[in-house]
Structure formats: C-alpha cells, structure tokens
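Engineer: sequence and predicted structure, then a few things I'm wondering about:
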Amino acid sequence: MTLPRSTVLSRRTALALGGGAALTLAVGRRAHADGVTVHASDYGYDPVDSTAALQAALDSGADEVVIDNVGGEWITDPLFVTRDHQSIIIEPGVVLRAKPGSYLDLYDCLLTIENRTGVTLAGYGATLTMNKGEYTSGEWRHTLRVLSSSDITVEGLILERSGGDGIYLGVSTVTGSPQRNSNVTITNVLCTGHRRNALSVISVDGLLVTHSRFTNSSGTSPQAGIDLEPNSSLQQLSNVVIRDCYITSNRTRGVMVHQGKLRSTSAPTSILLHRVSVDRQAGSSPAVSLWGRGDDDPVGVLEVRDCFIARDSSGVSGTVGVFNKSAEGTHLLMNRVCLEDMNTSADTYPPITVSDTKPDGSGIPPAEYGGMTFNDVALVTSHHDPFLAAWESTGTSGLANVHGNLTVIAPVAASTSDVTQDLGSLPHDVDHAVSPRLTAPATTVALAASTSTVNVGDTIVLTFSRASADVSLPLAVRFYGEGTAVERFDYAGLARVAVIAPGAISTTVSIPTRRTQAGAYTVTGVYKIASSISYTFGSTTSASVIIQG
C-alpha cells in the first residue's frame, strides 16, 4: 500500500492496517518523508516508563512530533531532540514527567536540544515537570536545556520543579560547537518552583522572551527569576529583549545580569527589559542587579524601560544594585521606571546600591565605578536615609558617570531634607537631579477595554488612565486577570503592570488572543486593577472581554 507524503498515521490506524510490531517499524521509516507527522503513541505507551516510545518519536525524522494526550502522564528518562527543523507539539492536558529515581547524573535533563537549528517546542496547556525533592545535590538537572542551537522557539509550556533551571540556554561541550545560542524565542511560558533559576541565559545572540512568568525559584544560588550569566569570555549577552513578563516571589533575586566571566574582548552586552514587573522580591540581593568585572568590561547597555520593580515588604533586598562595574562599562539605563521599597525594618541594602566591589566585598575595584542614568524614575520608599548608597573600597577614585533625574517619595520622612543619598568620598561626573517629596500626587486610576467582545486571534486593548492635578511622574498601574479565559492559554501572559509616562494621563496594553479548541466557544477575561500605595481606585477598575471563537 502506497501512502501519500502528507499522511498522518496514528497507532490505531497502523494496527487496523494489519500489524503490530512490523507495521509500527514501517511507520517509523515512513516518518522520514517530508511533511509527515507522528504521534508518540504510534510507538507505544507505558504508564510506568514511556522513554522508548518518546525517544523513538523524536528519532523518527518526522517534521512534526506530537506528544498526544493518552489519558495518563508520560513518564520518562532524559530525552533528546535529534534532528533539525522539527516541531514538537505537546497536546493540552499532557504531563511529561521525569521518572522518579532516574535522574542520577547531575547533568541529566528532562529534554535537551543540542547543536540543533529550527526546532519548535510548543505545548499550550501542557506541563513538563520534574521531582525537585529528589535533587539534593548539584544545580543542573534542568527541565529544558538548549545548547549551541539556533532558531529555537519555546511556547505555551508550564515547566516546573527541576533540580536546576526551568529553561537553560547554554553552550555545548562538543568540539566546534558555537559559543552561543542564536535567535531564540520564548513566549507564554510559566517557569515555577525550580531549585536554581526559572530561566538561565548563559550565552545568546538574539533572544526574545515575551508574555511569560518566572516565579518561586528556591533551593540553591542564585535563586533568581531570570539569571543572565555567561561562563566564559567567549560567550555573550547580545540582542536580548525581555518584554511583557512577570517575575515574582523568587527567593533571592528577580533579574540578575552577571558579567563576571566576560572581558573587554567579549561582544558588547545589549539587554532590554521592557514592560516587565518584578515584585514580591524578598531575598538577600537587589531585585534587579548588574554585576561587572571591574575595568575588564565588555561595555554595552542594560536598559530598563516602562518597568515596575518592588521588593517584598518583609525583605531586605532593595530594588536596584550595581556591583563591581566600571563607570565606563556596561551602562544601566532606566527609562520611566517605578521603584517601590517600603519597609521599616533593618535592611541589607538601601533601595539603590552602587558598589565598586561584589556584594561580599570581593573583586578588583575599577578605576571609577558606577555608570547609570535615571530618566524619569520614581522611587517610593521608607528608606530615605540614604535612598541611594555608594559602597566603596579604601583608595577608590570614586563614583562617576551618573546622570538623569530621579524623584524620591518618602512618606515616613519628617521633611524633604531627610531624603538623602550617600555618593561616597570622591563623586565626579555625577549630576543626576533628585526631587524629594513626602507624598505621592493624589491620583485615582481607572481601566476600560476598547470593546466588550473580540474574535479569537484579535487583540484585547486595555486603557489605563489616571486623574490627578500632578501628572509629572511615571505611574505604574498594577493589574491582573481572572474569569473563564486562561492566561497564557486563551490570551497572552500579562506583565501585570502598565506604566503611564510623565505628562500623560493614560496608556494602553495590548493582549493577543489565540484559539484553544475546535468549533465555536466563548470564554471571558476579566481584568482588574490591583491596589497600590501610589493611587486609589476610580469608578471603573475592571473590564470584562468575551473572547469568541
């Protein structure tokens, strides 16, 4: 019997055509043809251990491999993608689980993509999960490991409970492998409950992370939401964009850019955090931090734009930290950023820390340290003495290259003269303007949707507006979603913040929608403004939008 090139054979069809093992082998051979889709269940299913079936599907050579919903979890040993230009689709409701007791090697990962190009891994409504409680040593048993690969897309998945990271973008040890990943897209993923970091970026040229949530990292350092940290000077952090993401409740850090292994000979750093919310950050390091390597710096820029950064009220971490970085090295540029640091207990860090060494005092201090610009940055804090502190070693040449404008709102201060900063012993080329206030402008906020109904595939547009006699400061309006529509499934993941620019009375947030099932259906997204110390509620603080397909 001759099959057309586009034929999709299910295991049930194969058996009906006449034959168990022999025909299953024929399906495997046929999968090498272009345009063929295979299902993991074509190769069998074992509720105790389906490693053989899953790996056979990945090894089949098919353009598309579907890990189908068979009514039970897929339990597996480590899996590997073995061809280029392959789409791996995990159906809604599928759980791909690490087999208990099987990940004995420190470097075992649930799924590895190594030296591959053109791979898509998509799983809206699907979960990749490991057994974090088993992994009491090491920090590497990642859920998804991508090494020296290009044109990689990861979307829609929940990745949870690994011994290391939810997603790890690293470098292969195979001789001749590229020292970076390139053109990687991560969208609509949830990385939660990992032992080290939710997302680790070791080396990449071209990374877009959108509409994703990184949360609840705890177990072994750094315990961050996102850690960008090369392992050698041959690696890089280039053309990185993290947009419309929510980073919350990680034990130690929200976002860390650690350049300790890069050099002046490395590719310049270029990272943008855009419409990102970092909150509930309670740990022992600033919520967002940039680490350098003294004067041996790759230069470049870390831009934080239209973002909200807050530490937990019980934490000791501060909001922003710059450590061991040359004043002329990689520049920290903050545009329309709202910082919140409210706590009256003792702190490890003030709201903004600039240090010529690493947090523990190690590292060779640069000739000059600093290098940051505040453009329309607003800090609300109870830590007014000082709100910015320069920590320096004996004999340093001082803090330098600090510019822009920063408004500090200190509601617990007795007067604006109590709102102070410590610029160290020899500040120079430091001209940022500080505007102290005791109270935030009286402001009410409201929310409206552009329409009450959208068709699947269209975009929900929410408008956040403020009413105030003083609109000179940026304002972060926090919000969240409820209803029968599911975030990162029916509609794109939320950054949970909308920043209204200085001088403006409103801003919009666009939320793409997507089809989640066949046939006609309707779900409803309910979007609500969350409370804040920076505003009170107006008359309309929620909006309901029907998504119909």
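Structural biologist: Cool, the structure landed.
Engineer: now stretch 171-181: average pLDDT?
Structural biologist: In this model, stretch 171-181 has an average pLDDT of 98.
Engineer: next one: stretch 350-363
Structural biologist: Stretch 350-363 shows a mean pLDDT of 93 in the predicted model.
Engineer: what's the end-to-end length of that stretch?
Structural biologist: Using CA to CA, to the nearest Å, the end-to-end distance of stretch 350-363 comes out at 21 Å.
Engineer: roughly how far is that stretch from the heart of the chain?
Structural biologist: Centre-to-centre, stretch 350-363 and its host chain are 24 Å apart (CA atoms, centre = their mean, to the nearest Å).
Engineer: and what of stretch 418-429?
Structural biologist: For stretch 418-429, the distance from its own C-alpha centre to the chain's C-alpha centre is 33 Å (CA atoms, centre = their mean).
Engineer: now do the buried residues in that stretch.
Structural biologist: Of all the residues in stretch 418-429, those buried under the rule 16 or more other CB atoms under 10 Å are 419-424, 427. For glycine as for every other residue, the C-beta is placed from the backbone atoms N, C-alpha and C.
Engineer: same check, this time on stretch 204-221
Structural biologist: The neighbour-count check on stretch 204-221 (16+ other CB under 10 Å) flags 204-217, 219-220 as buried.
Engineer: element containing G525?
Structural biologist: Secondary structure assigned from DSSP states H and E places G525 in strand 522-529.
Engineer: could you do T407 as well?
Structural biologist: Assignment of secondary structure by DSSP H and E places T407 within strand 399-409.
Engineer: give me the subset of the buried residues of stretch 418-429 lying in strands.
Structural biologist: Residues of those located in strands (DSSP state E): 421-422.
Engineer: distance of T117 from H142?
Structural biologist: Between T117 and H142 the distance is 20 Å, computed by CB to CB, to the nearest Å.
Engineer: to clarify, my last question referred to N343.
Structural biologist: Separation of N343 from H142 (CB to CB): 34 Å.
Engineer: surely A327 and L399 touch.
Structural biologist: Yes. With contact taken as CB atoms under 8 Å, A327 and L399 are classed as touching, separated by 7.5 Å.
Engineer: overlap in contacts of these two?
Structural biologist: Where contact means CB atoms under 8 Å, 6 or more residues apart in numbering, the residues bridging A327 and L399 through contact with each are 368-370.
Engineer: low-confidence bits of the stretch 301-450 of the chain, can you list those?
Structural biologist: Within the stretch 301-450 of the chain, the segments meeting pLDDT under 70 span 344-346.
Engineer: could I get the full set of helices for it?
Structural biologist: Along the stretch 301-450 of the chain, no segments are classed as helices by DSSP state H, counting those that start in this stretch.
Engineer: that one: strands as residue ranges?
Structural biologist: With DSSP state E, counting those that start in this stretch, the ranges of strands along the stretch 301-450 of the chain come out as 308-311, 320-325, 331-335, 338-341, 352-355, 369-381, 388-391, 399-409, 421-422, 428-430, 433-437, 444-449.
Engineer: can I get the ones you listed in JSON lines including distance to I460?
Structural biologist: Conversion of the strands of the stretch 301-450 of the chain to JSON lines gives the following (distance: least, CB to CB, whole Å):
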{"stretch": "strand 308-311", "distance to I460": "20"}
{"stretch": "strand 320-325", "distance to I460": "32"}
{"stretch": "strand 331-335", "distance to I460": "26"}
{"stretch": "strand 338-341", "distance to I460": "23"}
{"stretch": "strand 352-355", "distance to I460": "35"}
{"stretch": "strand 369-381", "distance to I460": "27"}
{"stretch": "strand 388-391", "distance to I460": "39"}
{"stretch": "strand 399-409", "distance to I460": "32"}
{"stretch": "strand 421-422", "distance to I460": "42"}
{"stretch": "strand 428-430", "distance to I460": "44"}
{"stretch": "strand 433-437", "distance to I460": "35"}
{"stretch": "strand 444-449", "distance to I460": "7"}
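Engineer: right, and these - which one's nearest G35?
Structural biologist: Between G35 and these, the tightest spacing by CB to CB is seen for strand 444-449, at 41.1 Å.
Engineer: could you dump that closest one to PDB, C-alpha only?
Structural biologist: As requested, the backbone C-alpha atoms of strand 444-449 are provided in PDB (Å, rounded to 0.1, in the frame of the first residue of the first chain):
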ATOM      1  CA  THR A 444      -7.200  57.900  41.000                       C
ATOM      2  CA  VAL A 445      -6.900  55.300  38.300                       C
ATOM      3  CA  ALA A 446      -9.400  53.600  36.000                       C
ATOM      4  CA  LEU A 447      -9.500  50.800  33.500                       C
ATOM      5  CA  ALA A 448     -11.500  50.400  30.300                       C
ATOM      6  CA  ALA A 449     -11.500  47.900  27.400                       C
END
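Engineer: need the residues that contact it.
Structural biologist: Residues from elsewhere that reach strand 444-449, judged by CB under 8 Å, 6+ apart: 460-468, 475, 477, 479, 527-529, 535-545.
Engineer: among these, name the ones in strands.
Structural biologist: In strands, judged by DSSP E, the following of these are found: 460-467, 475, 477, 479, 527-529, 536-537, 542-545.
Engineer: buried subset of the residues you listed, written for ChimeraX?
Structural biologist: Selecting only the buried entries of the ones in strands among the contacts of strand 444-449 in ChimeraX, with 16+ other CB under 10 Å as the criterion:
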select :460,462,464,465,466,475,477,479,527,528,529,542,543,545
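Engineer: S393 - how many residues pack around it?
Structural biologist: The local packing count at S393 equals 13, with neighbours defined by other CB atoms under 10 Å.
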